[in-house]
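Build the 3D model from these lines:
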Amino acid sequence: MSNNFLTEFLDFALYYAKQSFAVFPLKPQSKEPATAHGFKDATTDPNQIRTWWTENPSYNIGMATGDVSGIVVVDKDGNIGAQSFTELEATLDKLPTTVTQITPGKRVDGEHTGTGEHLIFKTGGQSFACRNGVAKNIDIKANGGYIVVAPSVHPHGTGSYKFAEGLTFNDIELAELSESWIGWLQSKEQTKKKAALEPTLLPASEAIIEACRQEVVKCKTAVEGQSGDKQTYEVALIIFYDWGLAEIEGKPILDEFNMRCVPEWDDKKLQHKIDCAIAHTGDKPRGWKRFAHPIEGGYHQLFGAFVLNPARTLPSALAFRRDKYSHPEGFTLRYYASDFYCWSENHYHRMDKDSIGGMVLNWLTRSAVSIVKDKSRWFPANSKNTNDVVEALKSACLLPVEVKSGAWLGDGEMSTTTPPIFAQNCVYDWKTGDKYAHTPLWFNQSCLNTAIIDDAPTPIRWNWFLNELWGDEQASKDLLHEFMGLCLTMDTSFQKMLLFVGPTRSGKGTIFRTMSAILGETNVATPTTESLTDRFGLHPLLGKPLATISDARFSGSKTQIAIERLLSITGEDAVTIDRKNRDALSVKLPTRIWIGSNEMPRLPDSAGAVANRFLILRMTKSFLGYEDRTLEPALLQELPGILQLALEGLRRLHRQGFTRTAYQADYIRDMEDLGAPIRTFVREECVLGIDKRVASNRLWHTWQE
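Residues are numbered from 1 along each chain as shown. You can find the predicted model right below:
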């Protein structure tokens with residue numbers, strides 16, 4: 001299969017499936033699964049695959065690795081991975097030539113790390129597990145994992161995945177890993193399993209060390225010829241296995257015991273007993289005697305466990321937060337607007353209401369003990385104690401509802417422009433161009449799915465597309481980029497909505513999907529005019545910077561409710577948001593509104609307030625019947641360049657306000673007339689004045705005409 005053999009994502013996905021490789025969809029220009037269960041949804045069923053890529057032809061392609069596809073992949077990341085791979089081959093042996101995919105590589109601090117490679121091997125009846133970091137910048141993708149495959153687009157906008165020339169599935173057969181590599185990977189897996197069973201020991205407290213010393217003092221003296229060797233080793237086990245002391249902590253205790261031995265052991269033999277005791281494995285975890293030692297205070301770590309008091313829920317909550325959500329710059333768990341939010345690399349994401357309870361329950365079950373009558377017991381991790389800890393966790397992590405998304409939570413003030421832009425690769429000061437590292441001290445609930453690249457190529461296809469829509473109407477293009485730029489920030493102070501009016505297949509959906517790809521689909525709500533009027537219709541807008549209504553229908557008895565809600569959202573008013581099975585919230589939504597319609601909407605509004613909230617983009621050309629199916633995949637590869645145009649539009653917006661198109665005033669007047677026909681009649685047919693009179697029947701007949 002050459003890289004030019006197939007041209008569409010669907011065709012590639014079907015080809016892979018035909019070769020018995022299980023595939024599933026990833027979000028456009030992303031490595032994030034587009035299905036609920038990710039690689040577990042991978043299939044070779046062509047009907048399911050067609051359903052997925054018909055839903056969104058721009059989905060990237062994920063290929064499940066391991067037994068399901070019969071492949072194991074050596075993943076070399078960039079130039080560093082290539083160097084590590086060369087060193088591995090020198091240590092083990094050179095791997096046979098096999099199907100090879102070129103990965104575009106990522107950008108770190110604006111620098112390209114170099115292209116990487118996926119070396120795809122057949123499992124050959126062996127079973128492998130995913131192993132990240134087997135060497136520097138080298139991962140093994142197998143059971144429980146997946147790779148992104150051609151022609152998918154890299155999230156950093158560095159290009160598309162493609163197969164190496166002459167090394168595609170059509171060119172050569174998949175090779176098997178050599179025996180030395182298989183043995184090395186299996187030894188890595190055994191090491192991983194052993195490490196998972198062995199708890200991590202923290203430095204022992206003085207009380208623990210003294211308790212160990214007192215037990216050793218009571219041990220009988222080791223005498224040569226009277227099982228002295230065995231007695232000394234048993235003492236070493238008490239120190240380094242039962243109490244789990246580190247060598248620097250336990251050797252002085254063993255030295256004290258050695259002074260009583262007849263004769264004393266020399267340093268070499270004594271060190272051998274220490275090494276054997278530290279390496280000893282048994283049916284109890286290393287350091288198990290620490291459990292029996294009473295600990296004072298709210299919580300204290302033993303060997304990967306916390307001693308907790310079920311009656312003191314706040315210390316338990318603080319222990320959970322410290323263990324699971326610590327970061328060098330602060331804690332990464334927040335409770336805001338009745339939801340828990342967790343920071344992940346570049347933004348805070350809302351956690352499912354049940355997930356935090358499940359995590360606390362699992363943590364209490366596996367990581368906590370309680371002391372009962374000076375004896376350790378596993379913590380009683382029942383539903384009541386779990387709920388109590390979760391309630392305490394809410395207080396420990398609380399952020400006031402007055403805190404806005406994008407707020408700085410650290411001490412003092414940041415020097416960045418407020419509000420900054422939270423891009424995939426940085427926190428961006430759009431006025432100065434300065435870039436800052438992401439930190440949990442920024443409370444941003446969304447982050448762009450696109451990296452800001454200063455020297456991004458000019459988006460040629462995007463500019464061509466806009467010329468197809470508006471020709472020489474530069475004002476329309478400028479207005480679009482200005483509103484796109486505004487949606488990159490959390491700024492709602494302009495109090496405007498964007499309305500696209502044009503015939504079917506006039507480009508509205510393409511623009512909507514391109515903006516969604518820049519922001520990330522999880523950051524865009526897609527309500528309908530009908531759903532906005534539902535009791536719970538505003539809930540999906542929480543924390544979303546953009547809501548797109550792609551085919552607006554303002555009709556029916558609830559139209560007035562939809563209008564009122566649009567006015568409240570764009571007017572920065574606090575709105576009451578009902579949520580299923582939860583308390584209602586009263587918050588200001590950070591959501592900008594884009595509406596697409598085939599015709600000018602009729603919005604009942606005698607005051608004209610709604611019409612003046614709109615900025616309007618007119619689209620006159622329909623592409624129905626001759627759509628370009630290659631356009632959107634091409635635009636996805638130009639996202640960094642399109643993002644730069646949006647940033648230029650944002651700066652222009654703050655310099656001079658929104659660009660006024662030649663047709664804006666006329667369209668607003670038409671919208672006002674449609675929404676208030678009586679006012680239009682009075683303006684066009686009547687002369688107003690305190691001395692003016694007209695017969696009512698004449699007025700009525702004129703109105704009817």
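
Quick check: residue 30 is in a helix.
No: counting by DSSP: H, G, I helix; E, B strand; the rest coil, residue 30 is located in no helix; its state is coil.

which non-adjacent residue is nearest it?
The shortest distance from residue 30 to any residue other than its chain neighbours is 5.3 Å, reached at residue 155 (CB to CB, 6 or more residues apart in numbering). No exception for glycine: its C-beta is placed from N, CA and C like everyone else's.

Repeat that for residue 26.
Per CB to CB, 6+ apart, closest to residue 26 is residue 60, 3.8 Å.

cool, and residue 391?
Among residues not flanking residue 391 along the chain, residue 313 sits closest, at 7.1 Å (CB to CB, 6+ apart).

count of neighbours near the one you found?
Neighbourhood size, residue 313 [other CB atoms under 10 Å]: 20.

pLDDT at it, what is it?
Looking at residue 313, its pLDDT is 85.

same deal with residue 326?
At residue 326 the predicted local distance difference test score is 86.

again, but for residue 517
Per-residue confidence (pLDDT) for residue 517: 94.

again with residue 633
94.

May I ask which helix or strand encompasses it?
helix 631-637 (DSSP states H and E).

Show me what that helix is packed against.
With contacts taken as 3 or more CB pairs under 8 Å, 6 or more residues apart in numbering; DSSP states H and E, helix 631-637 sits against helix 460-470, helix 508-519.

OK, contacts around the nearest residue to residue 489 once chain neighbours are set aside?
Leaving aside its sequence neighbours, residue 489 sits nearest to residue 419 (CB to CB, 6+ apart; 4.9 Å). Taking CB atoms under 8 Å, 6 or more residues apart in numbering, we find residue 419 in contact with 406, 489, 490, 491.

coming back round to it: unless I'm mixing things up, the residue nearest to residue 30 is touching residue 26, no?
No: taking contacts as CB atoms under 8 Å, residue 155 lies outside contact range of residue 26: 9.6 Å.

Give me the residues contacting the helix holding residue 633.
Residues contacting helix 631-637 (CB under 8 Å, 6+ apart): 8-9, 28-29, 57-58, 151, 153, 157, 159-160, 459, 461-462, 465, 510, 513-514, 517, 642.

From the residues you listed, list just the buried residues.
9, 28-29, 58, 151, 153, 157, 160, 459, 461-462, 465, 510, 513-514, 517, 642 (16 or more other CB atoms under 10 Å).

Tell me how this protein divides into domains.
Using automatic domain parsing, the domain parsing of the chain gives 9-191, 206-286, 306-399, 460-674.

unless I'm mixing things up, residue 128 is touching residue 72, no?
Yes: Residue 128 lies in contact with residue 72 (CB under 8 Å); the separation is 4.7 Å.

Look at these two and report which has more neighbours.
Shown here are residue 128 and residue 72; by other CB under 10 Å, residue 72 has more neighbours (30 against 25).

Quick check: the most centrally placed residue in the chain vs residue 543, distance?
Centrality entry for the chain: nearest residue to the mean C-alpha point is residue 344, 6.3 Å, by CA atoms, centre = their mean. Residue 344 is 14 Å from residue 543, where distance means CB to CB, to the nearest Å.

Count the neighbours of residue 540 for me.
Neighbours of residue 540 under the rule other CB under 10 Å: 16.

On the pLDDT front, check the nearest residue to it once chain neighbours are set aside for me.
Counting by CB to CB, 6+ apart, residue 540 lies nearest to residue 525, which is 4.8 Å off, once chain neighbours are set aside. At residue 525, the pLDDT value in this model is 91.

tally of neighbours for residue 525?
Residue 525: 21 neighbours (other CB under 10 Å).

Contact partners for it?
Going by CB under 8 Å, 6+ apart, the list of residues near residue 525 reads 540, 541, 544, 546, 547, 548, 591.

Would you agree residue 548 falls within a strand?
Yes: applying three-state DSSP, one finds residue 548 inside a strand.

Touching, it and residue 516? I think so.
Yes: assessed by CB under 8 Å, residue 548 is found in contact with residue 516 at 7.1 Å.

where in the stretch 1-150 of the chain is pLDDT low?
Low-confidence segments of the stretch 1-150 of the chain (pLDDT under 70): 1-7, 108-110, 112.

Tell me the helix or strand right after the helix or strand containing residue 72.
Element membership for residue 72 (DSSP H and E) is strand 71-76. Next in sequence after strand 71-76, counting helices and strands by DSSP H and E, comes helix 78-91.

Any figure for the gap between residue 8 and residue 24?
Taken as CB to CB, the span from residue 8 to residue 24 is 17 Å.

Repeat that for residue 593.
Separation of residue 593 from residue 24 (CB to CB) stands at 33 Å.

Likewise for residue 143?
Distance, residue 143 to residue 24, using CB to CB: 15 Å.

Same check on residue 612?
Computed as CB to CB, the residue 612 to residue 24 distance reads 47 Å.

These two: who's more crowded?
Shown here are residue 612 and residue 24; by other CB under 10 Å, residue 24 has more neighbours (24 against 13).

mind showing which ranges of the chain have poor pLDDT?
The chain contains residues with pLDDT under 70 at 1-7, 108-110, 112, 186-203, 281-285, 290-307, 367-378, 412-418, 556, 606-608.

Please name the bridge partners of the nearest residue to residue 440 once chain neighbours are set aside.
What sits nearest to residue 440 in space, not counting adjacent residues and going by CB to CB, 6+ apart, is residue 343, at 4.1 Å. Residue 343 has these beta-bridge partners by DSSP bridges: residue 348.

Might you report the residue contacts of residue 343?
Residue 343 makes contacts with 327, 332, 333, 334, 440, as judged by CB under 8 Å, 6+ apart.

so residue 395 makes contact with residue 313?
No: Residue 395 is beyond contact range of residue 313, at 9.4 Å (criterion: CB under 8 Å).

Quick one: residues contacting the residue nearest to residue 391.
Going by CB under 8 Å, 6+ apart, residue 313 touches 388, 389, 391, 392.

Compare those and tell me which is most surrounded.
Within the contacts of residue 313, most neighbours by other CB under 10 Å means residue 389, with 29 neighbours.

Render the CA-only coordinates of the helix or strand where that residue lies in CSV, please.
Residue 389 is part of helix 383-396 when elements are defined by DSSP H and E. Extracted in CSV, the C-alpha atoms of helix 383-396 (Å, rounded to 0.1, in the frame of the first residue of the first chain):
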residue,chain,number,x,y,z
SER,A,383,-20.0,3.6,51.2
LYS,A,384,-20.7,5.7,54.3
ASN,A,385,-17.0,6.4,55.0
THR,A,386,-16.4,7.0,51.3
ASN,A,387,-19.2,9.5,51.1
ASP,A,388,-17.9,11.2,54.2
VAL,A,389,-14.4,11.6,52.8
VAL,A,390,-15.8,12.9,49.5
GLU,A,391,-17.9,15.5,51.4
ALA,A,392,-14.8,16.6,53.3
LEU,A,393,-12.8,16.7,50.0
LYS,A,394,-15.3,19.2,48.6
SER,A,395,-14.4,21.6,51.5
ALA,A,396,-10.7,21.0,51.1
